[in-house]
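*Asks:* 3D model of this:
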Amino acid sequence: MTPQPQRILRDYRTAGATKFHSINQSVRNALADKTRFPDSFWTARQTVLEAYLAASEKHDALYHESMLGSKVVIAEREASQGKLVILMDEVASFLELVALRNPEILIISGFHLAKERRAHTRSKATATTQTVQEDGKNSIPA
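*Replies:* Reported below is the predicted structural model:
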């Protein structure tokens, strides 16, 4: 049986401002690191990466400025966060596609990863059926 490929957990979509900022900083630092992701890696998606990094820088500035409590800046930060979610979804999809050939890409991407699940789940009905068959009885107790 082939193992399931790992997937990026898209928890940044519903994260609050502080948690979103933390996730975004982690992803931005990882993607901007040329030793992990050289420019040749992004040839097909260079414009997406540049847009994401620029939006991330703007969001970082807005996040820190919003700590002063200005409602106008907080509204700007929330709008910026919405744009960043769209860009992060696009980057995540691209990374998952590349990860089909090179699964380590997801580990170094800075995104949170979904936990792997068991290949075979054992349900309660299956366990009861196996017990009944082992005992040699045909009736299931009520």
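*Asks:* can you give me the helices in the chain?
*Replies:* Ranges of helices in the chain, per DSSP state H, are 17-32, 46-66, 71-99, 104-108, 124-135.
*Asks:* now those helices as TSV including mean neighbour count?
*Replies:* Bear in mind the C-beta positions are built from the backbone N, C-alpha and C, glycine included. Below are the helices of the chain laid out as TSV (neighbours: other Cβ atoms under 10 Å):
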stretch	mean neighbour count
helix 17-32	17
helix 46-66	16
helix 71-99	16
helix 104-108	15
helix 124-135	10
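*Asks:* Mind checking those for the one nearest to Lys115?
*Replies:* Relative to Lys115, the nearest member of those by Cβ to Cβ is helix 104-108, separated by 12.8 Å.
*Asks:* Which neighbouring elements make contact with that closest one?
*Replies:* Counting contacts by 3 or more Cβ pairs under 8 Å, 6 or more residues apart in numbering; DSSP states H and E, helix 104-108 packs against helix 71-99.
*Asks:* switch to 10 Å and redo it
*Replies:* On a contact count with 3 or more Cβ pairs under 10 Å, 6 or more residues apart in numbering; DSSP states H and E, helix 104-108 meets helix 17-32, helix 71-99.
*Asks:* Same list (those) but as a markdown table, adding mean pLDDT and distance to His59.
*Replies:* Shown next, in a markdown table, are the helices and strands packed on helix 104-108 (pLDDT from 0 to 100; distance: least, Cβ to Cβ, whole Å):
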| stretch | mean pLDDT | distance to His59 |
| --- | --- | --- |
| helix 17-32 | 91 | 7 |
| helix 71-99 | 91 | 4 |
